[in-house]
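**Q** Task: produce atomic coordinates for the following.
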Amino acid sequence: MLVPQPSRRTGPRFRIILCLLVLTMSTSPVARSQDTEQQLQQLKEQLETTTKQLEVRISSLEQQLEAERQAKKLRDASAEPAQATEQPTKPTVVQILGKPQKSELTESNQVGAKFQGQLPSEPTYDLLREADEKIAKLQEREGSFEFHGYFRSGFGLNSKGGQQVAFEAPGAQAKYRLGNETESYAELIFVNNWVNPDRELDRAWLRSEFLIEANTSNSEDFADSSIGVGSDQFRVREAFVQAGDLFESQPNAKVWAGERYYRRQHIDSDDFFTLDMSGYGGGVEDLDLKFGKAAVAFIGVARPDVVTQNGNMTTSRIDATVYDVKGPLGLWGIWFDYATSKGGQMTSTSVPGSSVVADIPSSDGYAYGIRHQRLEWHGGYHTFLIQYGTGAASNFSGPGIGTTIPTPSPDTAKSRQFLATEQIVLQPNDKFAVMPIFVFQRLKNLNTQNEWQQWLSFGVRPQVFLTRHLSLTGDCGFDHTKLPGSYDGWMRKCTFAPQIGADRKFFGRPVLRAFVTYANWSNSFRGLVGGVPFENQTTGFTFGVQAEHWW
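**A** The predicted model follows:
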């Protein structure tokens, strides 16, 4: 019997199959179950090899396209095609490695041109490169945009079962804020660096800043705004343009114009603005004086509810500040402010109690102050400020409302304010921090019936860090206020609050906190503290939760 022999064509295939069978049968179970990490390593090596091959191919395509462009330019530059002589082209490295002598992309374009004319666009790879450039430009624009802000929000109850109320002494310009804020409040800041966003040296830069302030009384969603109670409120508080590096002799000087928060001084634990000249105007700041820096600004505001023959009543200020002067124990600064307000015959008003004032006298005034501060001091800072103001310039501080115009009165020139404040933040390690503050204020104006009102306040907020994200904080504050003929008493307020925060820093944000707050006050304040729930008492208790963040 004849056994068919494998042909020459099938012989090698038969031998390969036979070898594979032998290898399969001789492989041990251990070899078949190879380590997963070895397989992953092989896949990674294959990926790297493939990536390198693609990079080489892309580079080859770029060289190919560049060679074709140069050849096309040479052909177009020939005046007489008949005189052009063909010169053999020496093959490039790319051609040697496998590039066809006639580009497939060029051939494809020529075929397409037969039916729809010359292609108006570059080859596909150039389109991708153009897309990359557009993406890079978009990323550059995105990098020039900044979004900053602040918000706090939460909800609390009082011990009677109603909504949380705030405890604040009558006549005090601020309250100790921890566990004592009853609204949701936000400031949303939009910044765009239009020119030279990277602040390269010897090049001018321009930026714009826009801030929207919003607050709500924590009323139900979609509360009826027609009644004016519980309605959300929105205000534009900043809208200005700033430019810098304009003058070779003053590369750090900045020029601005518009509406802005202007060089405010703030105590965080009671949310008190010891100096606030915010308003509308323009100026220059960070002028180099060799021994320090200087800022000068023109700032004004208007009252649309008070109209004279001159139009809406206005107050304008010239504010000058010298700061960052190195001296004993730290940095020193001084500021001076001159304010003027044009009077006139009142033609209309919506200010309660002002209709009896027919003639508003023109007024002016001045204010000045000295500040001392030590920065990076024991893990925190120390700031002391003493100030005095008269007449139209006496309202230099307040609850963050900026430059204001007092209610029109013939006694505006008699207004006075003296203010001394001190605040310290200490954080010797990552386990403990504390902030003590002190405030002393004496003022008189139309609201105090031109009597001297006095406010004395001191408090402390300690914070213990248990872990990186868990801490215990609280505050205790004492206020004493006095206004002859109206009140003379004290109020104490203490809060305890466990927190979840971002890090082990006193000002680390965001934080989530639960709080309990207790307050008591003198009998002379009965009915003046605690609102409706505690109007007939001298103690109050609230509790709730809150989130706070700035960025």
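**Q** and the helix or strand hosting Ala547, which strands flank it?
**A** Element membership for Ala547 (DSSP states H and E) is strand 539-550. Paired neighbours of strand 539-550 in the sheet (DSSP bridges): strand 145-158 (antiparallel), strand 511-521 (antiparallel).
**Q** how about JSON lines for these, with mean neighbour count added?
**A** C-beta here means a position set from N, CA and C on the backbone, and glycine is covered the same way. Output for the strands paired with strand 539-550, formatted as JSON lines (neighbours: other Cβ atoms under 10 Å):
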{"stretch": "strand 145-158", "mean neighbour count": "16"}
{"stretch": "strand 511-521", "mean neighbour count": "20"}
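**Q** export those strands to TSV and tack on distance to Gln499 and mean pLDDT?
**A** Formatted as TSV, these follow (distance: least, Cβ to Cβ, whole Å; pLDDT from 0 to 100):
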stretch	distance to Gln499	mean pLDDT
strand 145-158	12	96
strand 511-521	4	98
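**Q** Now do the helices in the stretch 101-250 of the chain.
**A** Ranges of helices in the stretch 101-250 of the chain, per DSSP state H, counting those that start in this stretch, are 104-116, 124-144.
**Q** Name all residues that make contact with the residue nearest the centre of the chain.
**A** Here the mean C-alpha position of the chain is nearest to the C-alpha of His148 (Cα atoms, centre = their mean), at a distance of 1.9 Å. By Cβ atoms under 8 Å, 6 or more residues apart in numbering, the contact list for His148 reads Ile189, Val191, Trp550, Trp551.
**Q** could I have stretch 276-296 exported to PDB, CA atoms only?
**A** What follows is stretch 276-296, C-alpha atoms only, in PDB (Å, rounded to 0.1, in the frame of the first residue of the first chain):
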ATOM      1  CA  ASP A 276     -12.700 100.200  54.400                       C
ATOM      2  CA  MET A 277     -12.400 102.800  51.600                       C
ATOM      3  CA  SER A 278     -14.100 100.600  48.900                       C
ATOM      4  CA  GLY A 279     -16.000 102.500  46.200                       C
ATOM      5  CA  TYR A 280     -15.800 103.900  42.700                       C
ATOM      6  CA  GLY A 281     -12.800 105.700  41.300                       C
ATOM      7  CA  GLY A 282      -9.200 105.100  40.300                       C
ATOM      8  CA  GLY A 283      -5.600 105.400  41.400                       C
ATOM      9  CA  VAL A 284      -2.100 104.000  41.500                       C
ATOM     10  CA  GLU A 285      -0.600 101.700  44.100                       C
ATOM     11  CA  ASP A 286       2.600  99.900  45.000                       C
ATOM     12  CA  LEU A 287       4.700 103.000  44.000                       C
ATOM     13  CA  ASP A 288       8.300 102.300  45.100                       C
ATOM     14  CA  LEU A 289       9.600 104.900  47.600                       C
ATOM     15  CA  LYS A 290      12.800 103.100  48.300                       C
ATOM     16  CA  PHE A 291      12.000 103.100  52.000                       C
ATOM     17  CA  GLY A 292       8.500 101.700  51.400                       C
ATOM     18  CA  LYS A 293       5.500 101.800  49.100                       C
ATOM     19  CA  ALA A 294       2.700 104.300  48.400                       C
ATOM     20  CA  ALA A 295      -0.800 104.400  47.000                       C
ATOM     21  CA  VAL A 296      -3.000 107.300  46.000                       C
END
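**Q** That's all I had, so thanks and see you.
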